[in-house]
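*Asks:* Predicted model, plus sequence, below.
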Amino acid sequence: MRNSDRLKLQKWAIAYANNPNTNPSSKPSQALAIKIHSLMSDGEWRTVKAIATELNESVFAVRDVLWCIKDIWGYQANKSRINGGYKRL
């Protein structure tokens with residue numbers, strides 16, 4: 001994902017976090033962000049590979065989207081766990 005696309009996704013994620021009803025997703029990365037957020041609602045630790053497998057998406061796309069939204073939407077990243085992982089707070 002290009003840096004400009006990351007910035008756009010982060011800007012969208014901030015707007016979506018403030019009001020999800022008025023800013024629907026219009027790009028594949030935004031739709032993927034919403035799918036990841038829904039999947040992670042149980043608060044369990046998951047690796048990027050596990051998320052990608054559950055959503056039938058590429059590991060690279062999931063990693064890029066998570067990297068953009070993790071701080072904005074309240075995810076905890078842990079590199080010390082085996083294979084690393086993310087958890088929605």
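*Replies:* Happy to help now that I have it.

*Asks:* Which residue would you name as the spatial centre of the chain?
*Replies:* Leu66 (3.3 Å; Cα atoms, centre = their mean).

*Asks:* Does that one touch Lys87 like I think?
*Replies:* No - using Cβ atoms under 8 Å, Leu66 is not in contact with Lys87; the gap is 11.2 Å. Glycine gets a C-beta too; all of them are placed from N, C-alpha and C.

*Asks:* could you list every residue that touches the residue nearest to the centre of the chain?
*Replies:* Residues counted as contacts of Leu66 (Cβ atoms under 8 Å, 6 or more residues apart in numbering) are Ile36, Val48, Ile51, Tyr75, Tyr86.

*Asks:* so what sits against both of Leu66 and Lys87?
*Replies:* Taking Cβ under 8 Å, 6+ apart as the criterion, Leu66 and Lys87 both touch Tyr75.

*Asks:* ok, back up a step: can you tell me which of the contacts of Leu66 lies nearest to Tyr16?
*Replies:* Checking those against Tyr16 with Cβ to Cβ, the nearest one is Ile36 at 12.5 Å.

*Asks:* The closest residue to Trp12 other than its chain neighbours: what secondary structure?
*Replies:* Residue nearest to Trp12 in three dimensions, not counting chain neighbours: Gln30, with 5.7 Å by Cβ to Cβ, 6 or more residues apart in numbering. Three-state assignment for Gln30 (DSSP: H, G, I helix; E, B strand; the rest coil): helix.
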